[in-house]
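**Q** sequence isn't available, so here's the structure alone:
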């Protein structure tokens, strides 16, 4: 039986540069769909899920962290072995689309 090793917590926490006072209560129901549509290969869906997460109250930091975790997981050999190279390759464009949508939202919010 093959087992898949998940990324350690350090991958997730390595990118969290917010102070404890700034950290929000991220709701998994707002962030997990981002990962699902990226793995599914849908650019438009990734844009929509990032926008939706921000609209329902996820912080840009939580969305950023989610995208970084997805990107880090995508680079893991165990993930590539588990899902196959086609899935890993098909994640590139939706991941970039989600990142672009987040960056645009940050710029709009800073105005």
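**A** Good, I have the coordinates. Not measured: the values here are computed from a predicted model.
**Q** pLDDT of stretch 64-73, averaged?
**A** Stretch 64-73 comes out with an average pLDDT of 97.
**Q** buried set for that stretch?
**A** 64, 65, 66, 67, 68, 69, 70, 71, 73 (16 or more other C-beta atoms under 10 Å). No exception for glycine: its C-beta is placed from N, CA and C like everyone else's.
**Q** the third one touches residue 34, doesn't it?
**A** The reference is to residue 66. Yes - using C-beta atoms under 8 Å, residue 66 is in contact with residue 34, at 5.4 Å.
**Q** overlap of the contact sets of these two?
**A** When contacts are counted by C-beta atoms under 8 Å, 6 or more residues apart in numbering, residue 66 and residue 34 are jointly contacted by residue 53.
**Q** circling back: show me the buried residues of stretch 64-73 that map onto helices.
**A** Members of those lying in helices (criterion: DSSP state H): 64, 65, 66, 67, 68, 69, 70, 71, 73.
**Q** okay, those in JSON lines with distance to residue 55 next?
**A** JSON lines is the format used below for these (distance: C-beta to C-beta, whole Å):
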{"residue": "64", "distance to residue 55": "16"}
{"residue": "65", "distance to residue 55": "18"}
{"residue": "66", "distance to residue 55": "15"}
{"residue": "67", "distance to residue 55": "17"}
{"residue": "68", "distance to residue 55": "21"}
{"residue": "69", "distance to residue 55": "21"}
{"residue": "70", "distance to residue 55": "20"}
{"residue": "71", "distance to residue 55": "23"}
{"residue": "73", "distance to residue 55": "25"}
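**Q** out of those, who's nearest residue 53?
**A** residue 66 (7.9 Å; C-beta to C-beta).
**Q** what's near enough to touch that closest one?
**A** Contact partners of residue 66, counting by C-beta under 8 Å, 6+ apart, are 31, 34, 35, 53.
**Q** drop anything exposed from the residues you listed.
**A** 31, 34, 35, 53.
**Q** kindly list the longest helix within the protein.
**A** The chain, longest helix under DSSP H: helix 92-109.
**Q** for residue 81, see how far away the spatially most central residue of the chain is.
**A** Nearest to the geometric centre of the chain sits residue 67, at 2.4 Å (C-alpha atoms, centre = their mean). Distance of residue 67 to residue 81, given as C-beta to C-beta, to the nearest Å: 23 Å.
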